[in-house]
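Asks: what follows is a predicted protein model with its sequence.
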Amino acid sequence: MGSPLELCVLAPPTVRRLQLDFSSVPRDWFMDDPVLTSHANGLHLVFPEGERFFIRSVRAFAHCVTDPALRARVKGFIGQEAVHGREHEASFRMLEVHGLELQSWMGWYVRWAYGFLERIAPARLCLSITIALEHLTATLGENALTQNLLDEAHPTMARLLRWHAAEEIEHKSVAFDVYRAAGGGWLLRVWGMVMALALLLFFWSSAVRHLRRQDPRITRAAIAATHRRLSGVVNRSEVLGRAFLEYARPGFHPDQRDNLHLASAWLAGAGLAGIDTDPSVAS
């Protein structure tokens, strides 16, 4: 189990690019189930602009980072998040080929989440929300690498999600350490998690509803059948609830959760070369 005192020995995150070909991905790429696929696709729609929000939130406090090792880790974090956004956006074209309209929802999401809410929120609160979402994505990432559900996804999408999961674990503490360097405290950190959970679930659910309205196969009966099929296997609320309770401990630090070996093992076998980590890749 890691300790915050050991942070200086952490290597900067390595930036990798997948450049996947989505042309062979079927419409129902997750377990051949339109309900599950719409649920996963809804999260994909949230990701790219969310990653850019993370970058902006961390960059706003770059002046507080004086430790060279943390500066190097921030550089790798920015590079990874920028590439995550672009790779997920590449999958949007596959969704559109399958007849899904995305732009009206994306425009609404960007206007409200980043054109309005981000603009009225203090920068320190944005960073607090960012570190909370980083913990949630690392937790979901650990779940993706330890459960076998992705074995039933199309190989291209499984690779995308496992790569993203591994890198979220790899850089899970970077934004948190920037928050600490900026003097962020426990109360704002926990309030940021409350807001992060509420906003993530709101926009994710909204995206799923937008996608499901376009697919006449997704009826209430189909949704209920899928829930029965996966009863006891997948429980998003349980996973996120555990993440919240862990995060709310006053002495919490992301590196206390011993899961880096999961990311290292997957990345070691993925055959992905590193690329330039210049933060300009985020522009």
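Replies: Done, it's in.

Asks: please count neighbours and contacts with C-alpha atoms only from this point.
Replies: Will do.

Asks: low-confidence ranges, the protein, go.
Replies: Under the criterion pLDDT under 70, the flagged ranges of the chain are 1-9, 232-235, 276-283.

Asks: in it, which residue is most central in space?
Replies: Computing the C-alpha centroid of the chain and ranking residues by Cα atoms, centre = their mean puts Thr137 first, at 4.3 Å.

Asks: correct me, but that residue touches Ala166?
Replies: No. Using Cα atoms under 8 Å, Thr137 is not in contact with Ala166, being 10.1 Å away.

Asks: in the stretch 101-250 of the chain, which spans are helices?
Replies: 103-109, 118-120, 123-146, 155-170, 174-181, 186-212, 220-229, 236-247 (DSSP state H, counting those that start in this stretch).

Asks: for Phe22, find the nearest of those.
Replies: helix 155-170 (6.8 Å; Cα to Cα).

Asks: how big is the angle separating that closest one from helix 123-146?
Replies: 130 degrees (axes from the mean of the first three to the mean of the last three Cα atoms, to 10 degrees).

Asks: picking up where we left off before, so what's the residue nearest to the centre of the chain closest to, chain neighbours aside?
Replies: Glu168 (6.5 Å; Cα to Cα, 6 or more residues apart in numbering).

Asks: wait, that neighbour touches Gly141, no?
Replies: Yes. The pair Glu168 / Gly141 is scored as a contact, 6.6 Å apart, by Cα under 8 Å.

Asks: looking at those two, which is more packed in?
Replies: Glu168 (27 against 23; other Cα atoms under 10 Å).

Asks: what's the separation between that one and Leu161?
Replies: Remark: distance between Glu168 and Leu161 (Cα to Cα, to the nearest Å) = 10 Å.

Asks: now do Ala121: how many residues are near it, please.
Replies: 11.

Asks: pull up the gap between it and Gly192, please.
Replies: The spacing between Ala121 and Gly192, counted by Cα to Cα, is 11 Å.

Asks: show me what the top helix by length along the chain packs onto, helices and strands only.
Replies: Counting by DSSP state H, the longest helix found in the chain is helix 68-97. Contact here means 3 or more Cα pairs under 8 Å, 6 or more residues apart in numbering; DSSP states H and E; on that basis helix 68-97 packs against helix 34-59, helix 155-170, helix 174-181.

Asks: show me what counts as buried in it.
Replies: 70-71, 73-89, 91-92, 94-95 (16 or more other Cα atoms under 10 Å).

Asks: who's in contact with the residue nearest to Thr137?
Replies: Contacts for Glu168 were tallied using Cα atoms under 8 Å, 6 or more residues apart in numbering; they are Glu134, Thr137, Ala138, Gly141.

Asks: please tell me how far it sits from Arg249.
Replies: According to Cα to Cα, Glu168 and Arg249 sit 21 Å apart.

Asks: C-alpha coordinates for stretch 63-83, PDB please?
Replies: The C-alpha trace of stretch 63-83 is given here as PDB (Å, rounded to 0.1, in the frame of the first residue of the first chain):
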ATOM      1  CA  HIS A  63       1.900  27.900 -10.500                       C
ATOM      2  CA  CYS A  64       1.500  26.200  -7.100                       C
ATOM      3  CA  VAL A  65       3.600  23.200  -8.200                       C
ATOM      4  CA  THR A  66       7.200  23.700  -7.200                       C
ATOM      5  CA  ASP A  67       8.300  20.100  -7.000                       C
ATOM      6  CA  PRO A  68      10.000  19.100 -10.300                       C
ATOM      7  CA  ALA A  69       8.800  15.500  -9.900                       C
ATOM      8  CA  LEU A  70       5.200  16.600  -9.600                       C
ATOM      9  CA  ARG A  71       5.700  19.000 -12.500                       C
ATOM     10  CA  ALA A  72       6.800  16.000 -14.700                       C
ATOM     11  CA  ARG A  73       3.800  14.000 -13.500                       C
ATOM     12  CA  VAL A  74       1.400  16.900 -14.400                       C
ATOM     13  CA  LYS A  75       2.900  17.000 -17.800                       C
ATOM     14  CA  GLY A  76       2.200  13.300 -18.300                       C
ATOM     15  CA  PHE A  77      -1.300  13.600 -16.900                       C
ATOM     16  CA  ILE A  78      -2.100  16.400 -19.300                       C
ATOM     17  CA  GLY A  79      -0.800  14.300 -22.200                       C
ATOM     18  CA  GLN A  80      -2.700  11.200 -21.200                       C
ATOM     19  CA  GLU A  81      -6.000  13.100 -20.700                       C
ATOM     20  CA  ALA A  82      -5.700  14.900 -24.000                       C
ATOM     21  CA  VAL A  83      -5.200  11.600 -25.900                       C
END
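
Asks: please consider this matter closed, and thank you.
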